[in-house]
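[1] Okay, here's the prediction I keep looking at, along with the sequence it came from:
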Amino acid sequence: MMKDEIQWDQLVQQVAAVFSDLTIKRGFQYYKQGRVHGLDRSDPGFVKALVQENGPVVRVKLNLNVLQESECSCKEDSGCRHMIAALLQDAALEEGPVYSIVNAHSADLARKTAQTPPELELEPVQTLGSAPALSVAAYPSGSEQANELAVAEMNVAQWHRLFKQCTASLGSAAQAVQYAQQALQAIYAVKPPLAPVLEQLFGLHSHLFVLDKLIGHTPGMARPSYLYLGYHTQLAADDMQAAIRLSLSEELTMTGNPEHWSLMTDTLSYLRKRMLAESNSRSHYFPDIYYRFWMQWLAPQVNGTGRFLKELEVLEAAEEELGSTLARVPWLLARCWMYVFLSRDKEAWLLLKEADRSSALQLPPAQLMLLLSVLRRQGEWTRLVDGLMAIGPLLGIESLDEYLTYWQAALEQLPELEPQMWDTLTDMLPRSSSIYAQALLERGRYRQWMDYQLSSGSEPLNYRVTELQAIERNAPELLLPFYHQAVERHVLLKNRQDYKAAVKLLKRLAKLYKKLKLEVRWEAFFTSFVTRHGRLRALQEELRKGKLLS
């Protein structure tokens with residue numbers, strides 16, 4: 001049953017009361033990773049779901065009327081990330097306020113503060129140009145309409161000055177999760193109701209302001225004053241980034257209002273400035289947001305190529321303007337983005353190759369994946385294949401599983417381009433060995449898979465029986481040399497543990513020979529094997545324990 005606005009608001013308040021902000025953010029990560037499945041809403045007022053952990057599946061039962069009485073099979077004492085993940089999945093299915101749930105603590109404090117508004121003495125904020133100065137404090141206390149007018153007519157620079165005033169009393173000593181929460185609470189306490197576009201932009205900038213504070217950026221500095229973030233600050237910054245990504249994932253519907261477009265342009269300028277001034281040690285924050293802002297909010301609103309060309313010009317001019325202080329990796333990737341948006345892919349991939357040839361530049365895999373996601377989202381399958389061929393050699397091992405999913409998506413649409421995938425994965429060996437072997441199995445190239453395993457000396461026991469079922473079903477004879485080679489390798493090591501491994505493989509061989517109706521060949525092999533290794537008493541003992549010898 002669909003909830004109304006009041007019910008959702010009550011649920012968000014419960015979330016803030018039952019779950020810590022950190023638990024909510026971790027549950028959001030599980031939700032975004034697609035770990036929730038088997039959602040069951042057949043019992044009114046309750047939601048059951050399964051949440052995939054690294055180990056066993058966790059079972060969740062949510063009591064939507066009294067969240068505190070919800071249950072989870074994990075070992076955590078109170079409200080856990082699994083419950084939040086299940087709740088967000090349910091909210092998404094019901095088209096509920098996912099973003100409000102994730103930011104339940106900020107919204108709850110803003111609500112409480114709005115009931116007893118603090119007396120703020122804010123210094124006047126000067127506008128750019130000839131417009132009169134605006135100040136929230138200049139309007140009569142309690143005048144919601146006046147406050148809305150003040151905030152709605154501010155530009156981005158004025159918003160950030162307002163945020164600075166709101167958070168001035170917090171100081172800068174506690175730059176961690178608690179600071180981030182308090183800063184957002186202070187900002188949202190003075191936020192009046194706004195039009196939908198302004199609401200989204202204001203929310204984005206409030207999080208950007210806090211993130212900027214956390215990672216230590218100081219206007220006018222080409223680099224932050226220190227290179228590495230502490231653990232708790234890193235955690236808080238990651239939480240801010242996750243909230244910003246969620247905000248940008250929600251559709252932005254522009255109305256053509258020139259003032260709204262001015263805010264969008266100012267936002268782009270702000271993100272560009274921060275991106276081009278980030279140190280390599282934390283270059284995944286503002287560059288990531290810059291790319292997602294383009295991909296999810298700005299590019300869908302753009303008609304023609306003019307805005308992309310203008311951005312490319314601004315980026316190219318930045319090299320001369322910033323000189324040695326320019327953060328070259330995000331700068332280079334930003335230009336690649338513009339080339340991709342302009343369908344000038346050859347220039348984009350050449351830029352990436354140029355960067356790869358320089359040992360000083362390390363391209364962030366996550367941001368390269370975002371480039372591919374644009375082409376996939378647009379259904380540009382031929383261009384996606386070209387991008388996969390260009391980007392593959394630049395990736396580290398940690399990104400290869402995601403990289404393979406893009407190949408799979410492209411080949412579903414263009415199966416005739418499969419040879420390009422094999423050429424690329426082969427050129428990437430040995431780094432691509434895991435996904436190369438996986439792709440061979442998935443595409444039924446069993447003989448090539450087996451040749452690769454034999455040539456690389458792979459261990460059969462590293463594969464679960466279920467992983468080899470496809471070969472056993474379609475080409476079982478290929479497994480014989482795989483098992484035989486490994487048996488001899490284990491026996492040669494002459495220790496008890498390897499003898500046990502050899503016996504496990506011999507038992508698999510016995511079943512395989514039986515399936516192939518080659519029992520006579522098995523008996524001949526096994527008799528010879530026992531005779532050859534008759535002096536290895538420990539091996540003989542393991543054979544008897546495995547019931548291969550009487």
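    That came through, no problem.
[2] Low-confidence ranges, the protein, go.
    1-5, 77, 106-149, 171-175, 217-230, 278-283, 358-362 (pLDDT under 70).
[3] Show me the domain layout of it.
    What the record gives for the chain is the domain set 5-105, 150-270, 448-545, from automatic domain parsing.
[4] Distance to residue 353 and mean neighbour count for those domains - can I get that in a markdown table?
    Bear in mind the C-beta positions are built from the backbone N, C-alpha and C, glycine included. Output for the domains of the chain, formatted as a markdown table (distance: least, C-beta to C-beta, whole Å; neighbours: other C-beta atoms under 10 Å):
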| stretch | distance to residue 353 | mean neighbour count |
| --- | --- | --- |
| domain 5-105 | 32 | 18 |
| domain 150-270 | 27 | 18 |
| domain 448-545 | 28 | 15 |
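[5] Can you lay out those domains as a markdown table showing distance to residue 300?
    Below are these laid out as a markdown table (distance: least, C-beta to C-beta, whole Å):
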| stretch | distance to residue 300 |
| --- | --- |
| domain 5-105 | 18 |
| domain 150-270 | 8 |
| domain 448-545 | 41 |
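[6] and the closest residue to residue 534 other than its chain neighbours, what does it touch?
    Closest residue to residue 534 apart from its sequence neighbours, by C-beta to C-beta, 6 or more residues apart in numbering: residue 540 at 7.2 Å. By C-beta atoms under 8 Å, 6 or more residues apart in numbering, residue 540 lies in contact with 530, 533, 534, 549.
[7] And the helices in the stretch 1-150 of the chain?
    Taking DSSP state H, counting those that start in this stretch as the test, the helices found in the stretch 1-150 of the chain are 5-18, 21-32, 81-93, 98-102, 104-115, 144-152.
[8] now these as JSON lines including distance to residue 293?
    Formatted as JSON lines, these follow (distance: least, C-beta to C-beta, whole Å):
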{"stretch": "helix 5-18", "distance to residue 293": "26"}
{"stretch": "helix 21-32", "distance to residue 293": "18"}
{"stretch": "helix 81-93", "distance to residue 293": "22"}
{"stretch": "helix 98-102", "distance to residue 293": "16"}
{"stretch": "helix 104-115", "distance to residue 293": "21"}
{"stretch": "helix 144-152", "distance to residue 293": "21"}
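[9] Nearest to residue 462 among those would be which one?
    Checking the helices of the stretch 1-150 of the chain against residue 462 by C-beta to C-beta gives helix 21-32 as the closest, at 28.0 Å.
[10] Identify the residues contacting the closest one?
    Residues from elsewhere that reach helix 21-32, judged by C-beta under 8 Å, 6+ apart: 15, 19, 36, 51, 79-85, 87-89, 92, 101-102, 104-105, 177, 181, 235, 239, 242-243, 246.
[11] so which of the domains of the chain comes closest to residue 295?
    Using C-beta to C-beta, those put domain 150-270 closest to residue 295, at 8.3 Å.
[12] gap between the two ends of the closest one?
    Start-to-end span of domain 150-270 (C-alpha to C-alpha, to the nearest Å) is 21 Å.
[13] That domain: how far from the chain's middle?
    Computed by C-alpha atoms, centre = their mean, to the nearest Å, the chain-centroid distance of domain 150-270 equals 21 Å.
[14] Format the CA atom coordinates belonging to stretch 240-250 as CSV.
    What follows is stretch 240-250, C-alpha atoms only, in CSV (Å, rounded to 0.1, in the frame of the first residue of the first chain):
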residue,chain,number,x,y,z
MET,A,240,29.4,13.2,2.1
GLN,A,241,30.4,11.9,-1.3
ALA,A,242,27.8,9.1,-1.1
ALA,A,243,25.1,11.6,-0.2
ILE,A,244,26.1,13.8,-3.1
ARG,A,245,26.1,10.9,-5.5
LEU,A,246,22.6,10.0,-4.3
SER,A,247,21.4,13.6,-4.8
LEU,A,248,22.8,13.7,-8.3
SER,A,249,21.1,10.4,-9.2
GLU,A,250,17.7,12.1,-8.7
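[15] List of residues touching that stretch?
    With contact meaning C-beta under 8 Å, 6+ apart, stretch 240-250 is reached by 25, 28-29, 32, 98-99, 102-103, 180, 200, 203-204, 207-208, 210-211, 214, 285, 288-289, 292-293, 296-297.
[16] Now go through the residues you listed and say which are in strands.
    If you go by DSSP state E, the contacts of stretch 240-250 have nothing in strands.
[17] Please enumerate the strands of the chain.
    36-40, 46-52, 57-63, 71-72.
[18] What strands line up against the last one, and which way round?
    The pairing partners recorded for strand 71-72 under DSSP bridges are strand 57-63 (antiparallel).
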